[in-house]
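Could you look at this predicted model? Sequence included:
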Amino acid sequence: MPDPVLVGPSLAEFQEARERISAVVTQTPLESSHYLSNVLGDAVYLKCENLQRTGSYKIRGAYNRLSRLSDEEKARGVVAASAGNHAQGVALAARELGIRATIFMPVGVPLPKLQATKDYGADVVLRGHTVDEPLRAAAEFAAETGAVFIHPFDHVDVVTGQGTLGLDILDQRPDVETVVVPIGGGGLISGVASAIKQRAALDGRTVRVVGVQATNAAAYPVSLAAGSPRDVTILPTIADGIAVSRPGALNFEIIAGTVDEVVTVSEDEMARALLVLLERAKLVVEPAGAVGVAAILAGKISASGTTVVVLSGGNIDPMVMERVISHGLAASERYLKLRIPLPDRPGQLATVSALVADCNANVVEVLHTRHNGGLTISQVELELHIETRGPEHAEQVLARLRDEGFEPRVDF
């Protein structure tokens, strides 16, 4: 691995950025997690950037980038494209620095993110249905008006600003041995890894940095294996905040030299992580911000000593949260959806309901139909949605139904 002191911004530049952004950025809490500590087998702390101003770490890089513009560039204004966190970071930074900001966002952007960006004072233009279309529109706007395009991750000033988070972690937890960080384009982890590795080296020690991507948007494992940035096809993912099809050029160079490992997590694993954070840590975190927790729960992180997991953002649409919670309950086997073929005669629904109740499970939804394919003329199908206390309780319900002669099928 290359000497981390030679990769990325210098430690002095990270420290200067930290001072520069201190008037706007807060030092977010570092909270211990007994639940995750038990899972990992050693101390785990959560770095709560979901509680940062604008709801994510993005204000760090945005404010550092905008504050370093020349007076002439500030007068031209700035433009950015984003579906959420970067938009809010740029909008707030621009307001604080007295710079006009124009943000292009997809037409389907969640209302809370749209309204927050407007409330920070930016001019918002809705364009297209994916992030690619607003990006093209923002580039055209910059070419036509002279506004400065603010890239979400592939710029040295953005990387330097994001890296101040690494200095915070070392100040709050000097004994940290592993830091787990979400990866999209790579702006956050490239800054954090570079800053942490450099400062730890001054103390004559090393800190391990692990990146986590969504399996459906994992450009870094492929790119690192190839030795250069590669494009990947983005599949549908709840982690929209890190759904980036190609690593940033600068970010890739830094990550290749400073990040020790990159792992991926599935949609179910992310949904389960959000549920654990809500129930056990009382924290609202967006799916992209919870991938580090997902990796621990899935057994994909091995660490000894103190581990810090970065919760990178908390800007989740309530409608998405509702769906994710339901999915997380199902992934944790605390929400069963059963299909049971029954003889078409009176009393069958009452019998099944009584058996479920005897197991102390709760039926929350019922569908009774004669019209599903595969049923004989003398059968009906019962669809039950049942709340359970977890995998063991779910299996007890299924076993009881089978013991009584029914044939329940779990429908995911």
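Arrived safely. Numbering: from 1, shown residues only.

List the residues that contact Asp123.
Contact partners of Asp123, counting by Cβ atoms under 8 Å, 6 or more residues apart in numbering, are Arg100, Ala101, Thr102, Ile103. (Each C-beta comes from the backbone N, C-alpha and C, glycine too.)

Please report which of those residues has the highest neighbour count.
The residue in these with the most neighbours, by other Cβ atoms under 10 Å, is Ile103 (28 neighbours).

Would you agree it is in contact with Gly121?
No: using Cβ atoms under 8 Å, Ile103 is not in contact with Gly121, being 10.3 Å away.

Need the overlap of contacts for these two.
Here Ile103 and Gly121 share the contacting residues Ala91, scored by Cβ under 8 Å, 6+ apart.

what about Thr26, how many residues close to it?
By other Cβ under 10 Å, the residues close to Thr26 number 12.

Show me what secondary structure element comes after the helix or strand containing Leu188.
For Leu188, the element it lies in under DSSP states H and E is helix 187-202. Counting by DSSP H and E, the element after helix 187-202 in chain order, helix or strand, is strand 208-214.

Identify each buried residue in that next one, please.
Arg208, Val209, Val210, Gly211, Val212, Gln213, Ala214 (16 or more other Cβ atoms under 10 Å).

Quick one: neighbours of the residue lying closest to Ala298 once chain neighbours are set aside, just the number.
Distances taken as Cβ to Cβ, 6 or more residues apart in numbering place Glu269 nearest to Ala298, at 4.7 Å, with adjacent residues excluded. When neighbours are defined as other Cβ under 10 Å, Glu269 has 24 of them.

again, but for Thr233
By other Cβ under 10 Å, 8 other residues sit near Thr233.

do Asn315 as well
Neighbours of Asn315 under the rule other Cβ under 10 Å: 24.

my guess is it meets Pro112, correct?
Yes: Asn315 is within contact range of Pro112, at 7.2 Å (criterion: Cβ under 8 Å).

Going by neighbour count, which residues of the helix or strand containing Glu19 are buried?
Element membership of Glu19 [criterion: DSSP H and E] is helix 11-21. Buried positions in helix 11-21, judged by neighbour count with 16+ other Cβ under 10 Å: Leu11, Glu13, Phe14, Gln15, Ala17, Arg18, Arg20, Ile21.

Contacts for it, please.
Outside of helix 11-21, the residues within contact range by Cβ under 8 Å, 6+ apart are 5, 9, 59-60, 63-64, 67-68, 157, 160-161, 163-164, 166-167, 191, 194-195, 198-199, 202.

what are the pairing partners of whichever helix or strand comes after it, and which direction each?
Next along the chain after helix 11-21, taking DSSP H and E as the criterion, comes strand 30-32. Partner strands for strand 30-32, per DSSP bridges, with pairing direction: strand 44-48 (antiparallel).
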